[in-house]
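Enquirer: Sequence and predicted structure, then a few things I'm wondering about:
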Amino acid sequence: MTDTKTSPMLSVLVPIYNTSRYLRQCLDSVIRQRHVDMEIICINDGSTDDSLDIIRDYAARDPRIVIIDKPNSGYGDSMNHGLDAAQGRYIGIVESDDWVDPTMFEDLVNLAEDNHAQAVKSNFFHYLSKGEKSIKFDLINAVQAFRITDPSKNPYIFFQMAAIWAGIYRHDFLVEQDIRFLPTPGASYQDTSFNFKVWATAHRVIFTNKAYLHYRIDNEASSINSKSKVYCVFDELHEIDRFVQERGLVEDLGGIVVQRKIDIYSWNLSRLRGQDAVDFAKAVSREFKQITADRLVDFTILGEVDTYKFKTLRDDPRAYLDSLAKEAAPPPISRRLRDKAHRLLEKVSPTYHSQVHMSEQMDRMAWRNEELLADLRRIQNRLDAMTRGTSHDAH
């Protein structure tokens, strides 16, 4: 970074790969941000459509736009190029198929400056291109908002959806902590380790329950929709292992890492079918056996559901897959129980997948009523713990 007296307040990174269909909407929303001194760094990752032409057209009309044009090397490497080029005090991220409301970065920067925060995170919208519909998604509830939080004292934060583009980060904090993206070519899920590293090392975080970014969920080309890249999540979680071990954080965060693996691996298994699911489950089984051998799992801190998932995937992955298959034809669940489940899910921060996905899963899962009640009690206990945890936050 250069001298902050001549540097912009904010660097917005826009990673781009073949998103010409959505790119103008994205860039229009970024350049219309209010009252923020910023630069807009567009990283073209070897697009083969007319994305580069669009970027050049905008750059010719707006001097704040900086273009990085490079051969295709993947999301993580593109983001690292952006971080290296950034001159701003804060880093923001807008993916090129999304768009943002005009006050997003003004509000987030003000929150960061007023509270000396290392990171700021907001709620966001799920956006459907068809019908141009935005549905607010709450990462943060009103109780959690507008107070300084230390993630080490509030571990629920690690279980929120990563949503790295719904916030901003102090640039010098990222540099000091050597927080970068895993530059695996052609990979996916590369927000996973970045997000974990931020929460593992930040001690002054502030949330807002306002929503600004419109996250497009019906872009079929999005990497999260590519089942062929499912094994990339192992790379991301192994990068978290490396980071935690090198920083001497295993005692403090090792249990959270295991829980995140259970969440993420089981979510991916719910998306796979046939031999793909069998092969992935076997890979998870090998990893869970190694975790057990290394004595990195503490079943006393896992709930019943997570313990079942871990042990079944470790010892009999086919039995785990059979249990998933039985969920395909659920018996009816009473409206009262379903409504209560949905109300609780709206309050609880998501683990890896989105609230929309959780609600859809709730409707199709083959839980007997007593099993659903047990899970509702577990969700309510987690919600109560989250609420109590806010009393420990520094103000």
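Expert: Cool, got the structure.

Enquirer: how about whichever strand or helix holds Asp263 as CSV, C-alpha atoms only?
Expert: Assessed by DSSP states H and E, Asp263 sits inside helix 250-271. Provided in CSV are the C-alpha atoms of helix 250-271 (Å, rounded to 0.1, in the frame of the first residue of the first chain):
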residue,chain,number,x,y,z
VAL,A,250,-5.4,-25.9,17.2
GLU,A,251,-6.4,-25.9,20.9
ASP,A,252,-8.7,-22.9,20.5
LEU,A,253,-10.1,-23.6,17.0
GLY,A,254,-9.6,-27.3,16.3
GLY,A,255,-13.1,-28.3,17.4
ILE,A,256,-14.6,-25.6,15.2
VAL,A,257,-12.6,-26.8,12.2
VAL,A,258,-13.9,-30.4,12.7
GLN,A,259,-17.5,-29.1,12.9
ARG,A,260,-17.1,-27.0,9.8
LYS,A,261,-15.8,-30.1,8.0
ILE,A,262,-18.9,-32.1,9.1
ASP,A,263,-21.1,-29.3,7.9
ILE,A,264,-19.4,-28.7,4.5
TYR,A,265,-18.8,-32.4,3.6
SER,A,266,-22.4,-33.4,4.5
TRP,A,267,-23.8,-30.5,2.5
ASN,A,268,-21.8,-31.5,-0.5
LEU,A,269,-22.9,-35.1,-0.2
SER,A,270,-26.5,-34.0,-0.2
ARG,A,271,-25.9,-32.6,-3.7
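
Enquirer: For it, list every residue counted as buried.
Expert: 253-269 (16 or more other CB atoms under 10 Å). Heads up, the C-betas are built off the backbone N, CA and C, glycines and all.

Enquirer: So the protein: which segments form each domain?
Expert: According to automatic domain parsing, the chain comprises the domains 10-226, 232-387.

Enquirer: Just name the most buried of these.
Expert: When these are scored by mean count of other CB atoms under 10 Å, the highest mean neighbour count falls to domain 10-226 (a mean of 19).

Enquirer: Please compute how far it lies from its chain's middle.
Expert: Relative to its chain's centre, domain 10-226 lies at 11 Å (CA atoms, centre = their mean, to the nearest Å).

Enquirer: can you give me the helices for the chain?
Expert: Using DSSP state H, the helices of the chain run over 20-31, 51-61, 75-85, 104-115, 171-176, 192-201, 232-246, 250-271, 274-293, 304-315, 317-325, 335-347, 355-364, 369-389.

Enquirer: any chance of the ones you listed in JSON lines, plus distance to Met161 and mean pLDDT?
Expert: Putting these into JSON lines (distance: least, CB to CB, whole Å; pLDDT from 0 to 100) gives the following:
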{"stretch": "helix 20-31", "distance to Met161": "20", "mean pLDDT": "97"}
{"stretch": "helix 51-61", "distance to Met161": "27", "mean pLDDT": "98"}
{"stretch": "helix 75-85", "distance to Met161": "17", "mean pLDDT": "97"}
{"stretch": "helix 104-115", "distance to Met161": "18", "mean pLDDT": "98"}
{"stretch": "helix 171-176", "distance to Met161": "20", "mean pLDDT": "98"}
{"stretch": "helix 192-201", "distance to Met161": "9", "mean pLDDT": "97"}
{"stretch": "helix 232-246", "distance to Met161": "14", "mean pLDDT": "95"}
{"stretch": "helix 250-271", "distance to Met161": "11", "mean pLDDT": "94"}
{"stretch": "helix 274-293", "distance to Met161": "21", "mean pLDDT": "96"}
{"stretch": "helix 304-315", "distance to Met161": "18", "mean pLDDT": "95"}
{"stretch": "helix 317-325", "distance to Met161": "22", "mean pLDDT": "92"}
{"stretch": "helix 335-347", "distance to Met161": "13", "mean pLDDT": "57"}
{"stretch": "helix 355-364", "distance to Met161": "8", "mean pLDDT": "41"}
{"stretch": "helix 369-389", "distance to Met161": "15", "mean pLDDT": "53"}
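
Enquirer: any chance of the ones you listed in TSV, plus distance to Ile164?
Expert: Converted to TSV, the helices of the chain look like this (distance: least, CB to CB, whole Å):
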stretch	distance to Ile164
helix 20-31	16
helix 51-61	21
helix 75-85	9
helix 104-115	13
helix 171-176	11
helix 192-201	5
helix 232-246	12
helix 250-271	15
helix 274-293	24
helix 304-315	25
helix 317-325	29
helix 335-347	22
helix 355-364	17
helix 369-389	21
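
Enquirer: Below-threshold pLDDT in the stretch 101-250 of the chain: ranges please.
Expert: The stretch 101-250 of the chain contains residues with pLDDT under 70 at 186-188, 219-228.

Enquirer: same thing but at 50, please
Expert: Where the stretch 101-250 of the chain drops to pLDDT under 50, the residues are 223-225.

Enquirer: and the closest residue to Lys197 other than its chain neighbours, what are its phi and psi?
Expert: For Lys197, ignoring the flanking residues on the chain, the nearest one in space by CB to CB, 6 or more residues apart in numbering is Ile179 at 4.6 Å. Dihedral pair for Ile179: phi -90, psi 110, per degrees, to the nearest 10.

Enquirer: So which residue is dead centre in the protein?
Expert: In the chain, the residue lying closest to the centroid (CA atoms, centre = their mean) is Ala162, at 1.6 Å.
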